[in-house]
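In: Just to be clear, the model below is a prediction. Sequence and coordinates:
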Amino acid sequence: MDPMAAIRETFFQECEEQLSELEGGLMRMETGETDQETVNAVFRAVHSIKGGAGAFGLEDLVRFAHVFETTLDQVRAGRLDPSASTMRLMLRASDALADLVRCAREGTMPDEAQTTSLAAALKALTNDGMAEGIGAEDDDDGLGDLNFLPLAVAVEQETMPDAGWVITFRPLAALYANANEAALLLREVGMLGPVSVTVDTSSLPDFGDLDPEGAYLTWTIMLQTDCDEAAIRAAFEFVEDDCDLVISRAADRPAEAGLVQVRPDEDAAGVVADVRVLDGDEAAPASSFADIPSDADVLAIIRKAQESVSAPHDDRPVAVGGGAVAPVAAQSRPEARGGTDGPASRSDSGAAVGATIRVDLDRVDRLIDLVGELVINEAMLSQRVMEAGLARASGVAAALDELEHLTREIQDSVMAIRAQPVRSVFQRMPRLVREVAAMTGKQVRLLTDGEGTEVDKTVIERIADPLTHMIRNAIDHGLEPTEARVAAGKPEEGVVKLTALHRSGRIVIEVADDGAGIDRERVKAKAIEKGLIAPDAQLNDEETDNLIFLPGFSTASTVSDISGRGVGMDVVRRSVQSLGGRISIASRPGAGSTFTLSLPLTLAVLDGMVVSVAGHTLIVPLSAIIETLQPQAATVHTLGMDARVVAMRGRYIPLVDVSVALGYRDAPLDADKSVALLVEGEGGVRAVLIVDAIQGQRQVVIKSLEANYRAVPGIAAATVMGDGRVALILDVDAIVSVTRTERLRGDGLRAEPTLSQAG
Amino acid sequence: MNEPLTNGAEGRELIAFRVGQQEFCVNIMAVREIRGWTAATALPQAPRYICGVINLRGAVLPIVDFAVRLGLPGSAPTARHVIIVTQIHNQQVGLLVDAVSDILTLNESAIQPTPDVASDLVKAFVRGLLPVDGRMISVISLDHILPTEERQAA
């Protein structure tokens, strides 16, 4: 990846973080947490996105973020009340911002109409005219419009107003590195009242020595305003740590000390540019300051000019593109701090808490592979030591114990690297709830709990779809329409609760609604109508509820916008099962339903039953096994030529001899001389698998067969056992779908074994 | 499989190995390592020339019995057999051979085309013949050594 693309990618990754921060903050505000910290966090998120977007020239994004930011600023300043309707608009704006970011990332066209109408609505909220002025501006003016007037020696005491403030603002390189722009800050100050700004360029090095990403300029701002110091400080709030800032009353400060800085010596290197003196017109500051080019533009121009300077010690200031000396910025290289920028550590103060690094996933996977190998080697070593009779020898056993302990600890730690809180997937749900609620006309509140629960990244990625579908279902089918709720004596607002927790080495995710619960009569009627059950079938409540997982079942009598996607709960169940998980449902009429997902913490490791089949060691995923049994000859019946079924609790379940199915053996085993596993494949298809013996249970690390070979019919993946040999993991779905006791054939199988993606 | 073994460059090295009484060689750049034989785990529905898979530092490595792949009679592998771990495109594959015999320096012009007497199977893998000190060494192309995804009869 070229460096620019990498920087851009980093920006988008940071955008994702800012967007979730934004949404989380807005949701907290919605529930009444309008403390300064939350509001600031929200503001900062939008501000950062805007800053970064400006650097990459993403105009649409900048424009919308700016309007959004202006509205948020009004809330921050206490001029706009964060009412429920305001917050709803803000949340929609954050969705739109997310859309714009996504469009920018993918290079697609955003939904212009939506953005425009939301921007208008946001502006209407602030309705003091100021937002209009800012919103209409165009930041993208080139340097051509810039009227920097180089002055020999500038600031005279009499230009300073008697009342007002003198602000000395010296950005450090970190300020630019954090995607802030001096011009924007100056503009913000300009909104407080008439200002006069001078820039002290005396610390600029010779042009050839100039670090384009350094910071050399000191701005002195004379501001006439009635505002207090706090209001001025607020403008610099986000850069406080990244600049030297002195704010003092003009009257208190005669021309001495700090102000003398603006008087350069006669050396031509010091050029003071009088940026602009503004009049007192309320609307003028914004439009005038809009002419200031963004620092990113300037940065590019300086770089270019620097390349063309041949004489390194040209002591005249070089005129650049019609302008003069301009502020200098660093956009994406925080490490590039100029030597003249004071203590670099100042911006590090906030980084101590929860510091993270971005690591290429391949490297982590490689590490996990290696640690898995280490575990196996350690087990092999132990075995060899035992075989050699050294176990009792001096200290060998103790050293081995120590090694084993360390190895397990390393394995746990490495596995934890891939673990992430489910927050990232939970955070996508509020938006979904808003959309589905709007579509169905229901009032819905989403409650989440246990967002910090950690689970493997791959699992997180793959539970998003089932969760989306379940939440959509909970609102569309689970919750009653508002009138029905009121009639039932419930609050108008329905509640969908999303909970994550760890339970016995697995992650459990619950989606609960307080709706009407499952209408069992209707479900049953539907199942009979679709021919899924016999009309006279006797089902208990649990069995009835579980009918909704059957393929082809849909309770929606009319296909709605939301559910009419040809996706049913059977698909949800299948994707959950493909993750080695299970889904169950509990429903109480009138009180709502709870769907419970139980998933493994990682896809890299699987709980398996180790079995032997015709001299081969195989692993059967524990998640597929319902029970183990010892079939009695009397319960096994032959059907037709050689198909066999087992009678279990009044039902006949197909019997599959694994050794025959895999082609290890030609003649099937006698069922009563072997061990049987009752398993359930996708879609709830059950079968009894016949194996020679069960060796035990253990966790195995899943290894891909496809990486170096290809998919093998009947085999989901492979693993490495303690003796260093490869053992194969059975693809229960494929085995179960073999209805006749014939061998699996390459052409008789589904295209993708379910575990194959995991290795 | 007809791509030049070395992009026309002379002086590349080849690893020569022995299967039965015949000698073969592959580009040394395709060889990752050479290991002793360890017991492989059989794969269901695999062609006869796939011995199974072994654990190569955490990766599952399929082993091709090179003799059987060429249609020669295979023999039960022993500890004296050798696995040549090769890289074919993005896959690693182990070749089970009797022994590694030599390292040769390639002289592309010395390679003679495979004579017409060879079977289609042999022609699919043998790029040409290299005479070395009176020995005849077949230059092997590994592109089609693994079964393709197409149907395999059980």
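Out: Great, that's in hand.
In: Which residues of chain A lie near chain B?
Out: Taking CB under 8 Å from any CB of the partner chain, the part of chain A that reaches chain B is made up of A:369-370, A:372-373, A:376, A:616-617, A:662-664, A:703-705, A:707-715, A:718, A:720, A:724-728, A:743-747. Every C-beta, even on glycine, is put in place using the N, C-alpha and C of the backbone.
In: Return the members of these classed as buried.
Out: Buried members of those, scored by 16 or more other CB atoms under 10 Å in any protein chain shown, are A:369, A:372-373, A:376, A:616-617, A:662-664, A:703-705, A:707-715, A:718, A:720, A:724-728, A:743-746.
In: Which of the residues you listed fall within strands?
Out: Among those, DSSP state E puts A:616-617, A:715, A:718, A:720, A:726-728 in strands.
In: Tally up the residues packed near residue 74, please.
Out: Because you didn't say which chain, this covers chain A. With neighbours defined by other CB atoms under 10 Å in any protein chain shown, the count for residue A:74 comes to 21.
In: Correction: the question concerned chain B.
Out: There are 17 residues near residue B:74, going by other CB under 10 Å.
In: okay, stretch B:77-95 in PDB with CA atoms only?
Out: Below are the C-alpha coordinates for stretch B:77-95, written out as PDB (Å, rounded to 0.1, in the frame of the first residue of the first chain):
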ATOM      1  CA  PRO B  77       7.200 -45.400   3.400                       C
ATOM      2  CA  THR B  78       9.900 -46.000   6.000                       C
ATOM      3  CA  ALA B  79      12.000 -43.800   8.200                       C
ATOM      4  CA  ARG B  80      14.500 -43.700   5.400                       C
ATOM      5  CA  HIS B  81      12.100 -42.100   3.000                       C
ATOM      6  CA  VAL B  82      12.300 -38.300   2.500                       C
ATOM      7  CA  ILE B  83       9.700 -35.600   2.300                       C
ATOM      8  CA  ILE B  84      10.600 -32.600   0.100                       C
ATOM      9  CA  VAL B  85       8.500 -29.700   1.200                       C
ATOM     10  CA  THR B  86       7.700 -27.600  -1.900                       C
ATOM     11  CA  GLN B  87       5.900 -24.400  -2.500                       C
ATOM     12  CA  ILE B  88       3.500 -24.500  -5.400                       C
ATOM     13  CA  HIS B  89       1.900 -21.100  -5.900                       C
ATOM     14  CA  ASN B  90       0.400 -20.400  -2.500                       C
ATOM     15  CA  GLN B  91       0.200 -24.000  -1.300                       C
ATOM     16  CA  GLN B  92       2.800 -26.100   0.400                       C
ATOM     17  CA  VAL B  93       3.000 -29.700  -0.600                       C
ATOM     18  CA  GLY B  94       5.300 -32.500   0.600                       C
ATOM     19  CA  LEU B  95       6.700 -34.900  -2.000                       C
END
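In: Mind jotting down where the helices sit in chain B?
Out: B:66-69, B:120-125 (DSSP state H).
In: Check which helices and strands the first one sits against.
Out: Counting contacts by 3 or more CB pairs under 8 Å, 6 or more residues apart in numbering or on different chains; DSSP states H and E, helix B:66-69 packs against strand B:13-19, strand B:91-97.
In: Relative to the first one, what are the paired strands and their orientations?
Out: In the sheet containing strand B:13-19, its partner strands are strand B:22-27 (antiparallel), strand B:99-105 (antiparallel), by DSSP bridges.
In: for the longest one, which positions count as buried?
Out: By neighbour count, with 16+ other CB under 10 Å as the criterion, the buried positions of strand B:99-105 are B:101, B:104.
In: Give me the residues contacting it.
Out: B:11-18, B:23, B:25, B:28, B:34, B:80-82, B:84, B:130, B:132, B:137 (CB atoms under 8 Å, 6 or more residues apart in numbering or on different chains).
In: and if you look at the first one?
Out: Residues outside strand B:22-27 that contact it (CB under 8 Å, 6+ apart) are B:5-6, B:12-18, B:66, B:72, B:84, B:86, B:97, B:101-102, B:104, B:106, B:126, B:130, B:135-140, B:142.
In: quick one: average confidence on that strand?
Out: Taken as a whole, strand B:22-27 has a mean pLDDT of 91.
In: and if you look at stretch A:581-599?
Out: Mean predicted confidence for stretch A:581-599 is 87.
In: what about stretch A:435-448, distance to the chain center?
Out: Chain-centre distance of stretch A:435-448: 22 Å, with CA atoms, centre = their mean, to the nearest Å.
In: can you tell me the distance between the two ends of it?
Out: The first and final residues of stretch A:435-448 sit 17 Å from each other (CA to CA, to the nearest Å).
In: May I see the buried residues of it?
Out: Under 16+ other CB under 10 Å, the buried positions of stretch A:435-448 are A:436-437, A:440, A:442, A:444-446, A:448.
In: Other residues contacting it?
Out: A:426, A:429-430, A:433, A:471-472, A:475-476, A:479, A:481-482, A:492-499, A:560-562.
In: Take these and keep only those in strands.
Out: Per DSSP E, the contacts of stretch A:435-448 map to strands at A:494-499.
In: Show me which of those is closest to residue A:206.
Out: Nearest to residue A:206 among the ones in strands among the contacts of stretch A:435-448, counting by CB to CB, is residue A:498 at 60.8 Å.
In: Can you check what pLDDT the model gives the closest residue to chain B within the stretch 101-250 of chain A?
Out: Chain B sits closest to residue A:106 of the stretch 101-250 of chain A, with a gap of 27.5 Å, by CB to the nearest CB. Among the per-residue scores, residue A:106 shows a pLDDT of 85.
In: burial count for it?
Out: Neighbours of residue A:106 using other CB under 10 Å come to 9.
In: Tell me the bridge partners for residue B:64.
Out: residue B:50, residue B:95.
In: Is it correct that it is in contact with residue B:92?
Out: No. With contact defined as CB atoms under 8 Å, residue B:64 does not count as touching residue B:92 (11.4 Å).
In: who has more neighbours, those two?
Out: residue B:64 (23 against 19).
In: residues touching that one, list them.
Out: With contact taken as CB under 8 Å, 6+ apart, residue B:64 is in contact with B:49-51, B:93-96, B:145-146.
In: try 10 Å
Out: Contacts here follow CB atoms under 10 Å, 6 or more residues apart in numbering or on different chains; on that basis residue B:64 touches B:47, B:49-51, B:83-84, B:86, B:93-97, B:142, B:145-147.
In: Most tightly packed of the helices of chain B?
Out: helix B:66-69 (a mean of 21; mean count of other CB atoms under 10 Å in any protein chain shown).
In: Which residues are in contact with residue A:676?
Out: Applying CB under 10 Å, 6+ apart, the residues near residue A:676 are A:627-631, A:635-636, A:646, A:648, A:653, A:655-657, A:687-691, A:694.
In: Mind doing that once more with 8 Å?
Out: A:628-631, A:646, A:655, A:688-691.
In: Could you list the low-confidence segments of the chain?
Out: Went with chain A since none was named. A:1, A:127-163, A:251-354, A:391, A:393-394, A:554-567, A:682-684, A:738-759 (pLDDT under 70).
In: Actually, chain B is the one I wanted.
Out: For chain B, the stretches flagged by pLDDT under 70 are B:1-11, B:148-154.
In: how about the residues of it that lie near chain A?
Out: Counting by CB under 8 Å from any CB, chain B sits next to chain A at B:38-46, B:50, B:52-55, B:57-62, B:91-93, B:146-147, B:149, B:151-154.
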